[in-house]
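In: Test case, fold it:
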Amino acid sequence: MKKLSLILFTLVFIGILHPLISLAEDYLSTEDPNIIIASDGWMPVFKAGENATLSIPYENTSYGSAKDATISIVMNDPEKVPFKPDRMSLTNYALYIGNGSYSSSFKVNIPANTKPGIYPITVTISYSSARGARGSVSSTVYVKIINENKQPTLKLLAVDLGGDNLLAGSSREINLQCKNDGDLNIKDIELRLSGFTPEGINLEKSSDIHYIDSIKARIVRSVGVTLHVNSNLKTGTYALDLNMKYKDDNDREYTETIKVYIPVVGKGEQDDSIPRIIIDQYTYGGDFVLAGQDFGLNLSLINTSQTAVKNIKVSLTSDGQIFSPVSNSNSFYINKIEPQERVEKILMFRAKLGAENQTYVINTSIDYQDSKGEKLNEKEVISIPVVQQIRLMASAVELPPEIFVDNPMSLSVEFYNAGRSIIRNLTIQAEGDFESRDGELYIGNLEAGKSDTYDVTITPHMEGKLEGRILFKYEDDAGKPYELEKKLNLQAITAPAGPFMEMNQPPVPSKQKLSSIWMISIGVVIVLLTTIAIIIIRKRRKAKLEEVDFDE
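Out: Residues are numbered from 1 along each chain as shown. All right, here's what the predicted structure looks like:
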């Protein structure tokens, strides 16, 4: 009897447990993969000019597996990606992605001329779920590039006049001494000299374009040009334009135009021209400087005469202390500048935080002595536009954990101008895997310190994980475009049917489902065991009673 009861219990247990296990497996097999590409803090660092391995981490946080997956780097605009596309594979493959962490490695070549900075890289993983449905997930990861190489820079070191100043009515060959001042080789160099006039300086039996095959890093090459000076030209210094165009080894093109100064002595006049020092070029790192930020002011000074100057002191001042020196004085000293020689100096300044959006000047005073020790002075004005840093901020988008398919949902985002400058041409739009009503809004200008609210209604029309964004597009006073993005990650489900179901009750996550199944299984088994035990006890009692009745 005991053996029969044990066998009966085993069969009942197996019969109940098997469908429960199958049910649990069905839950797992029908669960969609949830793949996350890299964490927010992940950002590898590479050096320009090296071959490296980019290993992109990703994780499947779901118990639903993915198969036949492709992991791809998307290069919609190769100019914005710091990798050379023709030397790398952009796609890897994975047969199976189960629950856990993985990585996908790409061999990348980073050109030596890549600008230092942080670059966004779009990574997409496409896959098939266990149910055979196709899915994909995309994410933007960031790669930091550092570059210790000085980028290619072709400079005109000096103009060799081959003697004293040019005489009116004469012709002479001059030599332009050009130096590759960078750490990388340059090639396909084209030099075009312009600014000639029949009444002034002109070319004589010479082309206005000269070509150089290549110049190695830090090497100087000379180009000869024969000039003719009109006989009626007065004594003075005359400027020509030199346009320089060249490429680096990665075929990136560079262009620059500078002035070439030619001193002339008029016919019948003596060469008693006073030596002059001028600032022929200056740069400050871009088209403008940001208020409150440090910047480097690069000055190029040239001695336009045919005599050397000495004891040069250059002082720079600005009205209202708009520009303050940082880690250096507002003046510097140069011992000597030879004829036609250029000298470059870099001074660090900080633009005043409260400066309005406008162009300010730096007054430059140049004190120096000629070869006889006579004291001379030149004054120059440097104009620098200052722009207040633009700063648009937006609140987080509050999203429910789940929304229902075909049910509209309202979203609201508060935004405000946290900077000191006007935000111009502000446009806001919602886009993604959903339908949006009143999705695009033109705000126009947003004054400093002002805020507003963007409201939009979205309606998903398909089930599953949906992605989207709220995109803010705007410009600063200089017309430079900016973007601010707020990502939307939604889970859309089909609204449950039936009057007794709560419409807003979210489905139980997969792990909780599995846990509940086991709890139910254990409960059913306990109930069955209890029932079997009661039946056996009753049968035994009944058998004993029958034995007693029979004996009586």
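
In: and the chain, what are its domains?
Out: Annotated domains of the chain cover 2-29+508-551, 31-149, 150-273, 279-389, 390-498 [automatic domain parsing].

In: Redo those domains as TSV? Include mean neighbour count and mean pLDDT.
Out: In this view, the C-beta of every residue, glycine as well, is placed from N, C-alpha and C. Compiled in TSV, these are given as follows (neighbours: other C-beta atoms under 10 Å; pLDDT from 0 to 100):
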stretch	mean neighbour count	mean pLDDT
domain 2-29+508-551	12	53
domain 31-149	15	87
domain 150-273	16	89
domain 279-389	16	91
domain 390-498	15	87
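
In: Surely Val324 touches Lys352?
Out: Let me fix one detail, which is that residue 324 is Ser and not Val. Yes. Taking contacts as C-beta atoms under 8 Å, Ser324 lies within contact range of Lys352: 7.2 Å.

In: what about the helices in this structure?
Out: Assigned by DSSP state H, the helices in the chain fall at 2-30, 510-551.

In: Next, give phi and psi for Asp406.
Out: Note on Asp406: backbone dihedrals following degrees, to the nearest 10 are phi 70, psi 10.

In: give the contact list for the nearest residue to it once chain neighbours are set aside.
Out: Spatial nearest neighbour of Asp406, excluding adjacent residues (C-beta to C-beta, 6 or more residues apart in numbering): His461 at 6.2 Å. Counting by C-beta atoms under 8 Å, 6 or more residues apart in numbering, His461 touches Val405, Asp406, Phe434, Glu435.

In: Out of these, the closest to Thr283 would be?
Out: Phe434 (47.4 Å; C-beta to C-beta).

In: separation between that closest one and Lys245?
Out: Plainly put, Phe434 is 49 Å away from Lys245 if you go by C-beta to C-beta, to the nearest Å.

In: Please apply the same query to Pro400.
Out: 58 Å.

In: do the same with Leu376
Out: Counting by C-beta to C-beta - Leu376 and Lys245 are separated by 37 Å.

In: Now Ser62. Nearest residue, chain neighbours left out?
Out: Per C-beta to C-beta, 6+ apart, closest to Ser62 is Asn34, 3.9 Å.

In: Need the contact partners of stretch 430-441.
Out: By C-beta under 8 Å, 6+ apart, stretch 430-441 touches 408, 411, 427-429, 454-462, 466-471, 488, 490.

In: how does it look with 6 Å?
Out: 428-429, 454, 456-460, 466-468, 470, 488 (C-beta atoms under 6 Å, 6 or more residues apart in numbering).

In: again, but for stretch 162-172
Out: Glu204, His228, Val229, Ser231, Leu233, Pro263, Val264, Val265, Gly266, Lys267, Asp271, Gln306.

In: What segments of the stretch 151-300 of the chain are strands?
Out: All strands of the stretch 151-300 of the chain, identified by DSSP state E, counting those that start in this stretch, fall at 154-160, 166-167, 171-180, 186-194, 201-203, 209-215, 220-229, 236-248, 253-265, 277-283, 289-290, 294-303.

In: how far out from the middle of the chain is the first one?
Out: Meaning strand 154-160. Put simply, strand 154-160 sits 35 Å off its chain's centre (C-alpha atoms, centre = their mean, to the nearest Å).

In: Bridge partners for the residue lying closest to Thr91 once chain neighbours are set aside, pull those for me.
Out: Using C-beta to C-beta, 6+ apart and skipping residues adjacent in sequence, the residue nearest Thr91 is Ser72, 4.7 Å away. Applying DSSP bridges to Ser72 gives these bridge partners: Thr91, Thr124.

In: wouldn't Ser72 be in contact with Ile125 here?
Out: No. Assessed by C-beta atoms under 6 Å, Ser72 is found out of contact with Ile125, at 7.7 Å.

In: quick one on the thing from earlier: so how far is Ser436 from the residue nearest to Asp406?
Out: 12 Å.

In: try Thr237
Out: Counting by C-beta to C-beta, the gap from Thr237 to Ser436 is 64 Å.

In: swap in Val343?
Out: Distance from Val343 to Ser436, by C-beta to C-beta: 60 Å.

In: likewise Asn34?
Out: 25 Å.

In: how long is stretch 60-67 from one end to the other?
Out: 12 Å (C-alpha to C-alpha, to the nearest Å).

In: from the middle of its chain, how far away would that stretch be?
Out: That offset, for stretch 60-67, works out to 31 Å (C-alpha atoms, centre = their mean).

In: what does it contact?
Out: Residues contacting stretch 60-67 (C-beta under 6 Å, 6+ apart): 28, 31-35, 96-99, 127-128, 130, 510.

In: what pairs with the residue nearest the centre of the chain across the strands?
Out: Taking C-alpha atoms, centre = their mean, the centroid of the chain lies closest to Tyr119, which sits 3.9 Å from it. Taking DSSP bridges as the rule, Tyr119 bridges to Val143.

In: do Leu426 as well
Out: Gly444.

In: separation between it and Thr70?
Out: 38 Å.

In: and if you look at Thr364?
Out: In terms of C-beta to C-beta, Thr364 sits 60 Å off from Thr70.

In: Ok, Gly100 next?
Out: 19 Å.

In: Please apply the same query to Ala52.
Out: For Ala52, the distance to Thr70 - C-beta to C-beta - is 22 Å.

In: again with Tyr142
Out: From Tyr142 to Thr70 the distance is 22 Å (C-beta to C-beta).

In: One more: Asp476?
Out: 40 Å.
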